[in-house]
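Participant: give me the fold of what follows.
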Amino acid sequence: MPQLTSLVLKDGAATPANHTFAPRDITNGVATLIESTGVPIGDKKVSIALTRTQNGRQKVTMKLAVPTVQDQVISGISRPTAVRAAYCDVTFSFDQTSGTQERKDVLAYMASLFGQSFTQDVVGNLAAVY
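Facilitator: Numbers count the residues shown, from 1 in each chain. The predicted structure follows:
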């Protein structure tokens, strides 16, 4: 059973920077990690959970939420406000008879897919597929 520890994830800048997501808590089997900005509404959040579906499949759900915060001035008072957020949800679903190598292969395929220029263009540039 893996222990919840900090994750260091790279951003997509021309010179990628590391971002450390520290464990926040585990609630109802959902592990949450955050990169704190000092203002909770601006915290980037990663969550991961392992559950079993009603039909017995093992389901791994990973989520990422990246809010954009701007200061809003009302009556001379400045306060941070979340103006939007970017989300990513990834779900893996495996039959009870799946093997370790099968699951590792599916993870490797997805990691490789995320690194493809095709995927980078669709997600990064919102370019339509033709």
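
Participant: helices and strands around the longest helix along the chain, which ones?
Facilitator: Identified as the longest helix of the chain according to DSSP state H is helix 100-115. Judged by 3 or more CB pairs under 8 Å, 6 or more residues apart in numbering; DSSP states H and E, the packing partners of helix 100-115 are strand 77-94. Quick note: C-beta positions are derived from backbone N, CA and C, even for glycine.

Participant: how about a cut-off of 6 Å?
Facilitator: Using 3 or more CB pairs under 6 Å, 6 or more residues apart in numbering; DSSP states H and E as the contact test, no helix or strand touches helix 100-115.

Participant: pull out the buried residues from that helix.
Facilitator: The neighbour-count check on helix 100-115 (16 or more other CB atoms under 10 Å) flags nothing as buried.

Participant: got the contact list for the lowest-mean-pLDDT helix or strand in the chain?
Facilitator: For the chain, using mean pLDDT, DSSP states H and E, the weakest element among its helices and strands is helix 117-124, scoring a mean of 92. Outside helix 117-124, the residues that touch it by CB atoms under 6 Å, 6 or more residues apart in numbering are L113, A127.
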